[in-house]
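*Asks:* Sequence first, then the predicted structure:
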Amino acid sequence: MTGERENYINLFRDILANRASLGDIKSAVPEQDRSFFNMLFMSAFRQLTFIKTIVLPQFVKKKIPHKNEILKFILYLATTELLFLDKPDYAVVNSYVDIAKRKTDKFGANFVNAVLRNILRNRTLLLEKHNQKFFSADFLKILKQDYTPVEIEEMEHFAGMEPPLDLTFKYSVHTYPENGILLPMGTIRLPASTKITMLADFQKGNCWAQDAASALPIKCLSELKGKKVLDICAAPGGKTAQLLDAGATVTAVDISEKRLKRLKENIARLGLSQNLNTLCCDALSLDINEKFDVILIDAPCSATGTFRRHPEIMNLKKIDDVKKQAALQNKILKHCVNFLNSNGLIVYATCSLAKLEGEKQINSFVKENPDFCIKPIKLKGTEKMQTKEGFLRILPQHFKEFSGIDGFFVAVLQRKI
């Protein structure tokens, strides 16, 4: 186990330094180690603000020298295990002390040993001091641009929870797992512990994993049968599957060959490949001599709304990330209108909580493009999410009674000529 922990420390540091993504690392972890890896990393990222601001300052009084910076990451993961995971104390302490000795020196090992044993002695008191604060200072700066302290506190309530499993079923399927909850907009919700590959409906190709919020953009469209749809930034294909299942002919575009391959595999498992075409290219370099009835732009974004499923986001995202993505989204919008039919629709969606990537983005686009208007969304079950402009602004607390939902934004635009 010490060898795995040492490797995980390096990976954890790489993620926090934006040198690697948690998703890519997770897929590369051997199957036999994945359970512990998931438990350790998800817990560490959820609890990192608490560990950095409440726990470690009590026992680390001096700044750790840059040359021994690895000790910080050793302490982050070791503290996570001691406070939040059910592992033998002696094994955890001995492993991380041994790693510290190999990575630094005897002083580093003694330092880690002293801090961890202090944490053990004060474990009960430390856990009593848990303030249920999970958002980093940088993440809070993003949210404070658009939300009140009360709204932010309501969001943060869901940050420490493992999200449930949401499933979208084909329209032709009308029976669902007995332990599933039917959400107001049609998503089936199962407990977080559910192993999707063990579900009979998954094995039969009747359903796919898709957060309830992510399923809403396509549900905002009333008639898709026979329509030609351009699906921009399509992978991994949840919305693509919805479009195909509704009878549309879809051209799915994604910049990543690897992600596009996964999309095709997902669609094939569902038996929906017949009306699917795929293109691997950057959305901004898309050049096809074809017009579409609907363009879905599942825009690249800061992904701040997915903090429940991707807790590393709470510790990585900054306001500059939001501004960078907003600029890219604007370019994609302006380019993709070239492929839209007269009277055609654009569905714009992001899993960002930042209004610069949502409401402000679309209001600015419509102001600059008078041949487009906002088509108000009146989807049943989303009344409390509908904005005065006619958008959907989805916040985790909108589904408080169902254990939350991802943050999301949806707008539908119609070309007037």
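*Replies:* Ah, there it is. Numbers count the residues shown, from 1 in each chain.

*Asks:* For the stretch 51-200 of the chain, which segments are assigned as strands?
*Replies:* Taking DSSP state E, counting those that start in this stretch as the criterion, the stretch 51-200 of the chain carries its strands at 165-169, 181-182, 188-190.

*Asks:* Following element in sequence after the last one, please.
*Replies:* Sequence-wise, the next helix or strand downstream of strand 188-190 (DSSP states H and E) is helix 200-203.

*Asks:* Packing partners of that following helix?
*Replies:* strand 165-169 (3 or more C-beta pairs under 8 Å, 6 or more residues apart in numbering; DSSP states H and E). All C-beta spots, glycine's among them, are computed from the backbone N, C-alpha and C.

*Asks:* Now the strand it packs on: average pLDDT?
*Replies:* When pLDDT is averaged over strand 165-169, the result is 98.

*Asks:* Which strands border it, and is each parallel or antiparallel?
*Replies:* According to DSSP bridges, strand 165-169 has the following sheet partners: strand 188-190 (antiparallel), strand 207-209 (antiparallel).

*Asks:* Any stretches of the stretch 151-300 of the chain with poor pLDDT?
*Replies:* Counting by pLDDT under 70, the stretch 151-300 of the chain contains no low-confidence segment.

*Asks:* where do the helices sit along it?
*Replies:* With helices called from DSSP state H, counting those that start in this stretch, the stretch 151-300 of the chain shows them at 200-203, 216-219, 238-245, 257-269.

*Asks:* could I get those as a markdown table with distance to Ile394 and mean neighbour count?
*Replies:* Formatted as a markdown table, the helices of the stretch 151-300 of the chain follow (distance: least, C-beta to C-beta, whole Å; neighbours: other C-beta atoms under 10 Å):
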| stretch | distance to Ile394 | mean neighbour count |
| --- | --- | --- |
| helix 200-203 | 25 | 14 |
| helix 216-219 | 7 | 24 |
| helix 238-245 | 15 | 25 |
| helix 257-269 | 23 | 16 |
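
*Asks:* Could you dump the ones you listed into JSON lines with distance to Val55 added?
*Replies:* What follows is the helices of the stretch 151-300 of the chain, written out as JSON lines (distance: least, C-beta to C-beta, whole Å):
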{"stretch": "helix 200-203", "distance to Val55": "40"}
{"stretch": "helix 216-219", "distance to Val55": "38"}
{"stretch": "helix 238-245", "distance to Val55": "38"}
{"stretch": "helix 257-269", "distance to Val55": "37"}
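
*Asks:* re earlier: so which of the strands of the stretch 51-200 of the chain is the most packed in?
*Replies:* strand 165-169 (a mean of 22; mean count of other C-beta atoms under 10 Å).

*Asks:* which one is Phe202 nearest to, not counting chain neighbours?
*Replies:* Ile196 (5.3 Å; C-beta to C-beta, 6 or more residues apart in numbering).

*Asks:* burial count for that neighbour?
*Replies:* Neighbourhood size, Ile196 [other C-beta atoms under 10 Å]: 14.

*Asks:* Thought Ala209 was touching it, still the case?
*Replies:* Yes. Using C-beta atoms under 8 Å, Ile196 makes contact with Ala209 at a distance of 5.7 Å.

*Asks:* what do those two both touch?
*Replies:* Leu165, Leu167 (C-beta atoms under 8 Å, 6 or more residues apart in numbering).

*Asks:* Can you report phi and psi for the closest residue to Glu359 other than its chain neighbours?
*Replies:* Nearest-residue entry for Glu359: Phe391, 6.1 Å, with adjacent residues in sequence omitted and distances by C-beta to C-beta, 6+ apart. The phi/psi pair for Phe391 (degrees, to the nearest 10) reads phi -90, psi 170.

*Asks:* and the helix or strand Gln47 falls within, how far from the chain's centre?
*Replies:* Assigning secondary structure by DSSP H and E places Gln47 in helix 34-50. A distance of 15 Å separates the C-alpha centroid of helix 34-50 from that of its chain, computed with C-alpha atoms, centre = their mean, to the nearest Å.

*Asks:* ok, now stretch 168-183?
*Replies:* The answer for stretch 168-183 is 23 Å, by C-alpha atoms, centre = their mean.

*Asks:* With stretch 3-19 instead?
*Replies:* For stretch 3-19, the distance to the chain centre is 20 Å (C-alpha atoms, centre = their mean).

*Asks:* Quick check: buried residues in it?
*Replies:* Arg5, Glu6, Tyr8, Ile9, Leu11, Phe12, Arg13, Ile15, Leu16 (16 or more other C-beta atoms under 10 Å).

*Asks:* Please tell me how far the closest residue to Phe134 other than its chain neighbours sits from Phe45.
*Replies:* Leaving aside its sequence neighbours, Phe134 sits nearest to Ala159 (C-beta to C-beta, 6+ apart; 3.7 Å). Per C-beta to C-beta, to the nearest Å, Ala159 is found 10 Å from Phe45.

*Asks:* list residues touching both of the two?
*Replies:* Going by C-beta under 8 Å, 6+ apart, residues that sit against Ala159 and also against Phe45 are Pro311, Met314.
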